[in-house]
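*Asks:* mind looking at a prediction? Sequence and model below.
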Amino acid sequence: MKIHFLGTAAAEGFPNVFCRCESCVKARELGGKNIRTRSSAIIDDTIKFDYSPDSYMQALRDNLDYSLIEHMLVTHTHMDHFNALDLECRRIGIAHDLEHPMHIYGNDAVMAHTRSAIGRFEGERYKFHLLRPFETFYAGDAKVTPLLADHDKMETCLLYVVEKGGKKLLYGHDSGWFPEPTWAWLKDQELDCAILDCTHGYTGKSRDRNHMCIETVFEAQREFQANNILKPDGKIVVTHFSHNSKLLYEEFNDIFSPAGIITAYDGLILTI
């Protein structure tokens, strides 16, 4: 399973284009892995998590062919994760020589946004699928289970476990400390990889709500080990960084690498 990180920033991007804080100024000066676009990732070029406002630029930057995308797993409708209007670019008459529809999966709010944006084009180019937490389904040859996140009290935000090619991946953001039903489902899953939210830097809280911080990520790692959630050689990857963390790539890497945790950056490709 190939995991390609297209964007690794929180909603405002990193740097925030309106911001003159020290972290944003340094990110602009240093460039490279410190320039982060809004979060998304893609598996084996065919299964995409979310469709951020930066998706078009990410495809050009990384030389990706989005016509290969067959399934889109949407976590929630916040503007940095789901720009449904942009998907009209895939409709008949605008995009040519496509041989399959794009299947879009998500909660009630995702379906409402999708139908409002492109519902009139559903058919050959789009198929919509309403999901419920913990109800497993198949996206092609991938087995997918949506799990509950702790993110927005007004929306049933979802995380995803994807099983494909004998490997098992948790796409675990946006979320703070997972709800108890999600922890219960994850017990003994023996994941190969877990991608976690690390929006914040140090907050002094080990079980942050809505988004994770550095302390929460380490607490989650301990929970994974205690409950056989992650294989002994399984990977934890952190992403979705805010400039308000006040930490640049090398600083996050210095904090997490001693614990075997990978700090994601835009364009990172991992194979599990």
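*Replies:* Arrived safely, thanks for sending.
*Asks:* list the buried ones in stretch 78-87?
*Replies:* 78, 80, 81, 82, 83, 84, 87 (16 or more other CB atoms under 10 Å). C-betas here are computed from N, CA, C, even on glycine.
*Asks:* out of these, which is nearest to residue 66?
*Replies:* residue 87 (9.9 Å; CB to CB).
*Asks:* what distance do you get for the closest one to residue 196?
*Replies:* The span separating residue 87 from residue 196 equals 27 Å under the rule CB to CB, to the nearest Å.
*Asks:* can you give me the strands for the stretch 51-200 of the chain?
*Replies:* For the stretch 51-200 of the chain, the strands defined by DSSP state E, counting those that start in this stretch cover 71-73, 102-106, 126-130, 137-139, 142-148, 158-164, 167-172, 191-197.
*Asks:* mind putting those strands in TSV, mean pLDDT and mean neighbour count included?
*Replies:* Putting the strands of the stretch 51-200 of the chain into TSV (pLDDT from 0 to 100; neighbours: other CB atoms under 10 Å) gives the following:
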stretch	mean pLDDT	mean neighbour count
strand 71-73	98	24
strand 102-106	98	22
strand 126-130	98	16
strand 137-139	98	14
strand 142-148	98	20
strand 158-164	98	23
strand 167-172	98	24
strand 191-197	98	24
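*Asks:* of all these, which lies closest to residue 211?
*Replies:* Closest approach to residue 211 among the strands of the stretch 51-200 of the chain (CB to CB): strand 191-197, 5.4 Å.
*Asks:* next SSE after that closest one?
*Replies:* Counting by DSSP states H and E, the next helix or strand C-terminal to strand 191-197 is helix 214-226.
*Asks:* send me that next one as CSV with only the CA atoms.
*Replies:* Taking Å, rounded to 0.1, in the frame of the first residue of the first chain, the C-alpha atoms of helix 214-226 are listed here in CSV:
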residue,chain,number,x,y,z
ILE,A,214,2.1,16.5,21.0
GLU,A,215,1.1,15.1,24.4
THR,A,216,-2.0,13.5,23.0
VAL,A,217,-0.1,11.8,20.2
PHE,A,218,2.3,10.2,22.7
GLU,A,219,-0.7,9.2,24.9
ALA,A,220,-2.3,7.6,21.8
GLN,A,221,0.9,5.7,21.1
ARG,A,222,0.9,4.3,24.6
GLU,A,223,-2.8,3.3,24.1
PHE,A,224,-1.9,1.6,20.8
GLN,A,225,0.8,-0.5,22.5
ALA,A,226,-1.3,-1.4,25.5
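*Asks:* tell me which other helices or strands that helix touches.
*Replies:* The contact analysis (3 or more CB pairs under 8 Å, 6 or more residues apart in numbering; DSSP states H and E) places helix 214-226 against strand 191-197, strand 230-239, helix 249-256.
*Asks:* mind running it again at 10 Å?
*Replies:* helix 180-186, strand 191-197, strand 230-239, helix 249-256, strand 261-263 (3 or more CB pairs under 10 Å, 6 or more residues apart in numbering; DSSP states H and E).
*Asks:* what's the angle between the second one and strand 167-172?
*Replies:* Here strand 191-197 runs at 20 degrees with respect to strand 167-172, directions being taken by axes from the mean of the first three to the mean of the last three CA atoms, to 10 degrees.
*Asks:* ok, strand 191-197: who's next to it in the sheet?
*Replies:* When pairing is defined by DSSP bridges, strand 191-197 lines up against strand 167-172 (parallel), strand 230-239 (parallel).
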